[in-house]
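Novice: predicted structure and sequence below. I'll ask about it afterward.
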Amino acid sequence: MNLDDLVLRLDAPYPEIVGATDDPSTVAVLKNLATSRESELNAILQYGYQAVISDKTAEDIAKVIEEISIVEMTHLEMLMHAITEFGGVPKYEDSRGVPYATTNINYTMKLREILLGNIRGEQMAIDSYTQAISRVKNESLKQLFARIIKDEELHIKAFKCILDNVTFMSI
């Protein structure tokens, strides 16, 4: 398995947001995607932790996880800018004002559980973006969400590839 061949980001630009106006309901959607319990921020921190704990035993896998984290950072940055464009303040809190907490991170150190959890998390992200598309009115924002979904789908493929090609020991 050559992990260097995995595609982790679609080779296409992210749509720019146009026609943004102050819209509290759109800000609420954006905050939940950006900084809630199941958000881009959580993925970044989760994958950062996983890359560090995997680095000594599975350096190639740690590198993939770290690169996915960097893609998630791009998503978070775009969402935080969108929050401001739609009249919000980009704090690390969800739409109800609940601050992000690192207790949201799964601190497992078992590679199989890490990969399965990441697949579930990426699928949840896709589901959240799909729901968000139906909840916002701005067409360019919908296009941005659809573009981010393409990256999340690539992340699922990468995690599944690793899962399918790693031998797990049962002790």
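Specialist: That came in fine, so what should we check first?
Novice: where do the helices sit along this structure?
Specialist: 24-35, 40-54, 59-85, 111-135, 139-165 (DSSP state H).
Novice: could you say what helices and strands the shortest one packs with?
Specialist: Based on contacts counted as 3 or more Cβ pairs under 8 Å, 6 or more residues apart in numbering; DSSP states H and E, the elements that helix 24-35 packs against are helix 40-54, helix 59-85, helix 111-135. The way it works is simple: take the backbone N, C-alpha and C, and place the C-beta from them, glycine included.
Novice: and it, what's buried?
Specialist: T26, V27, A28, V29, L30, K31, N32, L33, A34, T35 (16 or more other Cβ atoms under 10 Å).
Novice: need the residues you listed in CSV with pLDDT, can you?
Specialist: CSV is the format used below for the buried residues of helix 24-35 (pLDDT from 0 to 100):
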residue, pLDDT
T26, 98
V27, 98
A28, 98
V29, 98
L30, 98
K31, 98
N32, 98
L33, 98
A34, 98
T35, 97
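Novice: could you dump the residues you listed to a markdown table with distance to A12?
Specialist: Formatted as a markdown table, the buried residues of helix 24-35 follow (distance: Cβ to Cβ, whole Å):
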| residue | distance to A12 |
| --- | --- |
| T26 | 24 |
| V27 | 26 |
| A28 | 28 |
| V29 | 23 |
| L30 | 21 |
| K31 | 26 |
| N32 | 25 |
| L33 | 20 |
| A34 | 21 |
| T35 | 25 |
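Novice: now, among those, which is nearest to K56?
Specialist: Distance ranking of these against K56, using Cβ to Cβ, places T35 first at 30.5 Å.
Novice: now L45: closest residue in space that isn't a chain neighbour?
Specialist: Closest residue to L45 apart from its sequence neighbours, by Cβ to Cβ, 6 or more residues apart in numbering: I105 at 5.7 Å.
Novice: which ones are touching the one you found?
Specialist: I105 sits next to N42, L45, Q46, Y49 when contact means Cβ atoms under 8 Å, 6 or more residues apart in numbering.
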